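**Student:** Okay, here's the prediction I keep looking at, along with the sequence it came from:
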Amino acid sequence: MAAARAHWGSRFGFVLAAAGSAVGLGNLWKFPYITWENNGGAFVIVYLVAILVLGLPIMMAEILIGRRAQLSAVPAFEKLGGKGWSIVGWLGVASGTTILSYYMVIAGWSVRSFYQCLVWSFTSYTPPAEGDFGAFLANAPLQIGLTAIFSVATAFIVYRGIGGGIEKATKIMMPVLIIILLYLVGTALTLDGRDEALSMLFTPHFDQLPAKGYLEAVGHAFFTLSLGLGAMIVYGSYIGKKESIFGAAAWVVVLDTLFALFAAIAMFTIILSVPEMQDRMSGSTMGMLFITLPDLFYTNMPGGRILAPAFFILVGFAALSSTISLGEVITSLMIDKKGWSRPKATIICAGGVFVGSILAALSLGAVEPLSSFELIEGKPGVLATLDHMAANWMLPLGGLGITIFVGWFLGRKNAMEELGITKPSLPFTIWIWCLRIVAPAAIIALLVAVAIGKDFS
Ligand code: PFF
C-alpha cells in the first residue's frame, strides 16, 4: 500500500514554502529591471492587474488541481483529466528542468558575491578591476563549483522531504529574507533619490509605457509566481483539505508582490541617488545585481559593510527557496509515477539537472560553441537560450493548458467542491471566467507576439 501523502504542518507552512518558491531572482532582479526599462508607474499598474486577473486565478487553479488529485502534476492531470491531459504535466516537468538548470548557475553567483563582500567588510573595499565579472563568468571550475554548491544545498533540502526539509527550511529563510529586505529598503529610503524613485514607480504615465510592456507584465506574472509548470500543483497536493485555497493563494500572491515592489523601491532609489548609475543601467542586466550594487553599498550607502553581505544572503536564500520548489516538481514526479523512494528520486533527479547546469555554466564564455551559438537571435549561449525557451514558450503554454483544463474541462461541480462552496458565488463566477477567457486570451496574445519575434526573457 502506498504511504500516506505528506502534508504541510499548517497553512502557514504552505504559505511560506509557496511564497519562498515565488520570491526569487524574478523579484529581486527581474522585476526592478523590467520596470525600469518600461519607465515605471504605468508598467507597475499593468503588472498588478496581470497579477490579479491572471496570477491569482491560475495560482488557485494549480493548487486546486494538486489538492484534488493528491498527486504531482503529471499523474494529477492523468487522474483528473485522462492520459491526454498529462502532456500539460510533462511540459511542466520539462519547464522545471529547464529553469532549474540555469537558475542554479545564477544562484551560485550569490555565493561568490557573498564571500567577496564578507572579505571586503572585514578588510576594506577594493573595487574589482574592469572585466572582473566577465572573467568570473568564463572561469569554468568556479562556475561549476558554485553551481554544485547550490545543487547540493537544494538536493539536501528536497531529500529531507516536505515537513522536515522544505517547510523547515523556508520557515527559517523567509523571515530572514523579510528582515533583510526591510532593512535594505529602510536604508535606501534615507538616500536623496527617494522622492524621484517613488514618483517614478507610482505615478503612472501610460504614454511612456511601450506596447511590449503589457505582454511583458503577463509573462513576468508567470515567472514570478512560479506558475505554468506545476510547482503550485505539487505544493497544493500537500495542503490539508480544510484549508481555503483562495486564502492560501492570496497570501502567496500578496507576499510575492510586496517583495517585488519593495525590491523595486530599493533599486530605484539607489539608482536615482547616484548620478552615473543611470547610464550604467542601460544594457546591463545581471551586472547590476552582482557588480554595481556591491560597489554602491560600499561607496554610497550608510551601513554598507553590513548591507552588502546581507544583501547576498537575501539573494541566495530567495534563490534557494525557489530552486527547492523546482527540484520538488521533478522529484515528486518520480515518487508518484515511478514509486521511487524520496532519497533515490532526489539523487537521480539532482544528478540529471546538474548535467544541464554544467552546460549552462560553461556557456558564459568558458567553452565554445556553448557560449556563442545562437538558436534564437540575440540570445547567444545555452543559459540565455534556456531562459528564452522557458519564459517565452514553456511557462505560457503550460499556463494555457492549466487555465483551459480547470476553466472548461474539470467541471464546475468538482471545482466548487474543492473550493468548499455549494453554489456559484460572484467571486467564483469571476474566477472561472478569468480562467476561461481572460487568461487564455492574454496568454495567446503573448505567444503570438513571441512567434513573431518578440522576446520576454
Ligand atoms: N518565482 C521564481 C522567481 O521569481 O525567481 C522563479 C521560479 C521558481 C519559477 C519556481 C518557477 C518555479 F517553479
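**Tutor:** Arrived safely.

**Student:** Correct me if wrong: Met173 contacts Ala319.
**Tutor:** No. Using C-beta atoms under 8 Å as the test, Met173 is too far from Ala319 to be in contact (10.2 Å). (Glycine included, C-beta is placed from N, CA and C.)

**Student:** Now the residue nearest the centre of the chain. Nearest residue, chain neighbours left out?
**Tutor:** Taking C-alpha atoms, centre = their mean as the criterion, Thr224 is the residue nearest the geometric centre of the chain, at 4.3 Å. Closest residue in space to Thr224, ignoring its immediate chain neighbours: Gly26 at 4.2 Å, by C-beta to C-beta, 6 or more residues apart in numbering.

**Student:** Kindly report the same for Ser244.
**Tutor:** Gly420 (6.8 Å).

**Student:** Show me the contact partners of stretch 287-299.
**Tutor:** Contact with stretch 287-299 is made by 28-29, 33, 109, 113, 116-117, 120, 125, 127-128, 132-133, 267, 270, 274, 277, 280-281, 284, 304-305, 307-308, 311, 315, as judged by C-beta atoms under 8 Å, 6 or more residues apart in numbering.

**Student:** thinking Ala345 is in contact with Val329, fair?
**Tutor:** No. With contact defined as C-beta under 8 Å, Ala345 does not count as touching Val329 (11.5 Å).

**Student:** Look at these two and report which has more neighbours.
**Tutor:** More crowded of Ala345 and Val329, by other C-beta atoms under 10 Å: Val329, with 30 against 23.

**Student:** Secondary structure element holding that one?
**Tutor:** Element membership for Val329 (DSSP states H and E) is helix 304-338.

**Student:** how about that helix: buried residues?
**Tutor:** Using 16 or more other C-beta atoms under 10 Å as the test for burial, helix 304-338 gives 304-337.

**Student:** Return the helix or strand in this structure with minimum mean pLDDT.
**Tutor:** When the helices and strands of the chain are scored by mean pLDDT, DSSP states H and E, helix 277-281 comes last with a mean of 63.

**Student:** so how far is Phe77 from Ile324?
**Tutor:** 23 Å (C-beta to C-beta, to the nearest Å).

**Student:** what's the angle between the longest helix along the chain and helix 304-338?
**Tutor:** Ranked by number of residues, the top helix in the chain under DSSP state H is helix 86-122. With axes from the mean of the first three to the mean of the last three C-alpha atoms, to 10 degrees as the basis, helix 86-122 and helix 304-338 are set at 160 degrees to each other.

**Student:** Pull out the buried residues from helix 86-122.
**Tutor:** Of all the residues in helix 86-122, those buried under the rule 16+ other C-beta under 10 Å are 86, 88-89, 91-114, 116-117, 120-121.

**Student:** if we can go back for a sec, tell me who's in contact with the residue nearest to Thr224.
**Tutor:** Gly26 touches His220, Phe223, Thr224, Ala260, counting by C-beta under 8 Å, 6+ apart.

**Student:** roughly how far apart are it and Glu368?
**Tutor:** Distance, Gly26 to Glu368, by C-beta to C-beta: 30 Å.

**Student:** go on, Phe114?
**Tutor:** In terms of C-beta to C-beta, Phe114 sits 30 Å off from Glu368.

**Student:** wait, isn't Gly134 in contact with Ser371?
**Tutor:** No. Judged on C-beta under 8 Å, Gly134 makes no contact with Ser371 at a distance of 11.4 Å.

**Student:** Quick check: neighbours shared by those two?
**Tutor:** Common contacts of Gly134 and Ser371 (C-beta under 8 Å, 6+ apart): Gly365.

**Student:** more neighbours, the two?
**Tutor:** With neighbours defined as other C-beta under 10 Å, Gly134 and Ser371 compare such that Ser371 has more, 18 against 13.

**Student:** So the more buried one, which state does it fall into?
**Tutor:** Secondary structure, DSSP: H, G, I helix; E, B strand; the rest coil: Ser371 is coil.

**Student:** ok, it - contacts?
**Tutor:** Ser371 touches Leu362, Ser363, Leu364, Gly365, Pro380, Gly381, Val382, counting by C-beta under 8 Å, 6+ apart.

**Student:** Quick check on the closest residue to the ligand within the stretch 351-457 of the chain: phi, psi?
**Tutor:** Residue nearest to the ligand within the stretch 351-457 of the chain (C-beta to the nearest ligand atom): Leu395, separated by 7.3 Å. Dihedral pair for Leu395: phi -60, psi -50, per degrees, to the nearest 10.

**Student:** Could you check how far the closest residue to it other than its chain neighbours is from Ala73?
**Tutor:** Of all residues not flanking Leu395 in the chain, Gly228 sits nearest, at 3.6 Å (C-beta to C-beta, 6+ apart). Applying C-beta to C-beta, the value for Gly228 to Ala73 is 11 Å.

**Student:** ok, now Glu418?
**Tutor:** Glu418 is 16 Å from Ala73, by C-beta to C-beta.

**Student:** repeat for Tyr103
**Tutor:** Distance of Tyr103 to Ala73, given as C-beta to C-beta: 18 Å.

**Student:** Around the ligand, pick out the residues from the stretch 201-350 of the chain.
**Tutor:** Phe223, Thr224, Ser226, Leu229, Ala231, Ser322, Ser325, Leu326 (C-beta under 6 Å from any ligand atom).

**Student:** If you could redo that for the stretch 51-200 of the chain, that was the one I meant.
**Tutor:** By C-beta under 6 Å from any ligand atom, the part of the stretch 51-200 of the chain that sits against the ligand consists of Gly96, Ile99.

**Student:** where along the stretch 51-200 of the chain do the helices fall?
**Tutor:** 56-69, 73-81, 86-122, 132-137, 140-159, 168-188, 194-202 (DSSP state H, counting those that start in this stretch).

**Student:** Kindly reformat the ones you listed as JSON lines and extend each row with mean pLDDT.
**Tutor:** Converted to JSON lines, those look like this (pLDDT from 0 to 100):
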{"stretch": "helix 56-69", "mean pLDDT": "97"}
{"stretch": "helix 73-81", "mean pLDDT": "96"}
{"stretch": "helix 86-122", "mean pLDDT": "96"}
{"stretch": "helix 132-137", "mean pLDDT": "90"}
{"stretch": "helix 140-159", "mean pLDDT": "96"}
{"stretch": "helix 168-188", "mean pLDDT": "92"}
{"stretch": "helix 194-202", "mean pLDDT": "95"}
